[in-house]
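Undergrad: Got a predicted structure plus its sequence, pasted below:
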Amino acid sequence: MSDKKVVPYKKRFRPNIAFYLFLLIIFYVIILGWNYLSREHVSIYEVNTTDISDDSPLYGFILRNEEVVTTESDGYINFYNAEGNRVHVGNVVYTVDTNGEVSDILEKLQSSDKNKESISKMRAVISSFQNSFSMSFYGQVSDFHNKVRNIIFEQTRGSLYGDLSQALETSGKGKNFTKITAKKSGVISYSIDGYEGTKQADITASLLDKYGSVKNEQIQRGESIKAGTPVYKLITNNDWSLVVKLDDNYYEALKQQESVRVTIKKDNISFNASVSLFDKDNSHFARLSTSRYMERYIKDRFLQIEFNLKSASGLKIPNSSILTKEYYVIPQTVTTTSGNARGVVKQVVGNDGKLSYQFVSLGNSTYRDGNYYVSPNILDGGDILMNSSDNTTYIVSSKKPVSGVYCVNAGYCEFKPVDIRYKNKEYTIVSDATTSGLTAYDHIVVDPSKLSEDDFIE
């Protein structure tokens, strides 16, 4: 047996072309990754049209010229006017009878009205109730009942009392009731909340905090009441006001204004109201007065409102996309036209020292307030412009900052001016009618701080 050991031979590594290709690919991928990670990435934003509103809702207390009317005798009451109707002095408002028989007769008289108009209105009210009713807000049932009663009143109020008188005379029961007429003209309401006598001097911050706790007492026909009981109230003037408590920001915003746009959140009705500010107990208040829509909110004491102070419509862009450039200010009177182009006539001195004149198009320069704002790429400071209308000259010198963004629709940065309408912490609303400005669906740079005009975007 041989005692020689077998030693395996180690082959020397000899790289081939495939190995070098593999290394080259790895190296190329590393370089691409490094370039991608180290390069500044440009974020692009698509401009869109929208509304921004940052107004905080406020609760306003309603002040009106209203008087509560009480009955002078015991008995059963029946009314002859719908809620929100205007009555005049001498009109029959309600009757009082001693045994309640008048209610039964009125039911028969009103149920006999079957004209198409009343049926159509009744169907609309029922449909609206079905679509909006919620078990969590049972008070809607009472509102529905009142609306139905109003429709009946509207269709019969012209002849209801006359028909009743005739029916009572025929039945021999005319001695059992008394008619009560209006002593003043105004709009009638059967909803009473106990704040009818409130004046501006009574307004406090704690009162405005009661917006969720006010309860209306709705007086019903056919009820038996005692003398001295409220039976209706009369609003004797169309003028009414909303009193709201203001924070310091709203107070400063309204301090210089005589009127403000108010939106009622309940039904999104907007109107202009005159503004009167006053202070009480270290709090700011505003009284917002108008003569519109008084009847619409006759049953309300508090309304949630918004001011249209912190809102705007237009093109929405990020705040970070806005930059400013210094543009030359050229009065419109210096400009002229050549064909369809607006421009200026610039004085030019040739190499031979001879003076000539050159038309320079203002291109995409923006126009506002009687001036054109021209990029330094078009005109230089010291350029002499000719006013052809009176042969005077204008030297380009005055500059003003112009806000704008970099638009990259064409693949490179193009400065477009913007007119700012409103700005909050994140976004700005700009006009969509700025000369040479933005339009919907333009693409702009989110952060232009490290870019220059005409830079290409990869």
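TA: Cool, the structure landed. What you see is a predicted model; the values in this text were computed from it and never measured.
Undergrad: where does the residue most central in space within the chain land on pLDDT?
TA: Geometric centre of the chain, nearest residue: Asn308, 5.4 Å, by Cα atoms, centre = their mean. Note on Asn308: pLDDT of 79.
Undergrad: Now name the helix or strand holding the nearest residue to it once chain neighbours are set aside.
TA: Spatial nearest neighbour of Asn308, chain neighbours left out: Arg261 (4.1 Å); criterion: Cβ to Cβ, 6 or more residues apart in numbering. In short, each C-beta sits where N, CA and C put it, glycine included. Per DSSP states H and E, Arg261 falls inside strand 259-264.
Undergrad: what's the average pLDDT for whichever helix or strand comes after that strand?
TA: Reading on from strand 259-264 to the C-terminus, the next helix or strand found by DSSP H and E is strand 269-280. Strand 269-280 shows a mean pLDDT of 94 in the predicted model.
Undergrad: go on, stretch 356-371?
TA: 87.
Undergrad: Kindly provide the whole-number mean pLDDT of the helix of greatest length in the chain.
TA: When the chain is parsed with DSSP state H, its longest helix is helix 17-38. Helix 17-38 carries an average pLDDT of 77.
Undergrad: Distance from that helix to the middle of the chain?
TA: In terms of Cα atoms, centre = their mean, to the nearest Å, the centre of helix 17-38 is set 57 Å apart from its chain centre.
Undergrad: follow-up on the earlier one: do you know how far the residue nearest to Asn308 is from Thr198?
TA: 26 Å (Cβ to Cβ, to the nearest Å).
Undergrad: When the two are compared, which one has more neighbours?
TA: Thr198 (18 against 13; other Cβ atoms under 10 Å).
Undergrad: Pretty sure the more buried one sits against Ile62.
TA: No: using Cβ atoms under 8 Å, Thr198 makes no contact with Ile62, being 9.1 Å away.
Undergrad: burial count for Val231?
TA: Val231: 20 surrounding residues under other Cβ under 10 Å.
Undergrad: what helix or strand does it sit in?
TA: In this assignment (DSSP H and E), Val231 forms part of strand 230-246.
Undergrad: So what touches the next helix or strand after that strand?
TA: Using DSSP H and E, the helix or strand that directly follows strand 230-246 along the chain is helix 248-254. Outside helix 248-254, the residues within contact range by Cβ atoms under 8 Å, 6 or more residues apart in numbering are 58, 246, 260, 275, 277, 284, 286, 307, 309.
Undergrad: Please indicate which of those residues are buried?
TA: Buried members of those, scored by 16 or more other Cβ atoms under 10 Å, are 58, 246, 260, 275, 284, 286, 307, 309.
Undergrad: Tabulate these (JSON lines), appending distance to Asn340.
TA: Output for the buried ones among the contacts of helix 248-254, formatted as JSON lines (distance: Cβ to Cβ, whole Å):
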{"residue": "Leu58", "distance to Asn340": "52"}
{"residue": "Leu246", "distance to Asn340": "52"}
{"residue": "Val260", "distance to Asn340": "44"}
{"residue": "Val275", "distance to Asn340": "47"}
{"residue": "His284", "distance to Asn340": "55"}
{"residue": "Ala286", "distance to Asn340": "51"}
{"residue": "Phe307", "distance to Asn340": "44"}
{"residue": "Leu309", "distance to Asn340": "41"}
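Undergrad: Which one of those is nearest to Val42?
TA: Leu309 (35.6 Å; Cβ to Cβ).
Undergrad: Would you mark the buried spots in the strand holding Val231?
TA: By neighbour count with 16+ other Cβ under 10 Å, strand 230-246 contains the buried residues 230-235, 238, 240-246.
Undergrad: Sheet partners, orientation included, of that strand?
TA: Sheet pairing for strand 230-246, assigned by DSSP bridges, gives strand 58-70 (antiparallel), strand 186-189 (antiparallel), strand 283-290 (antiparallel).
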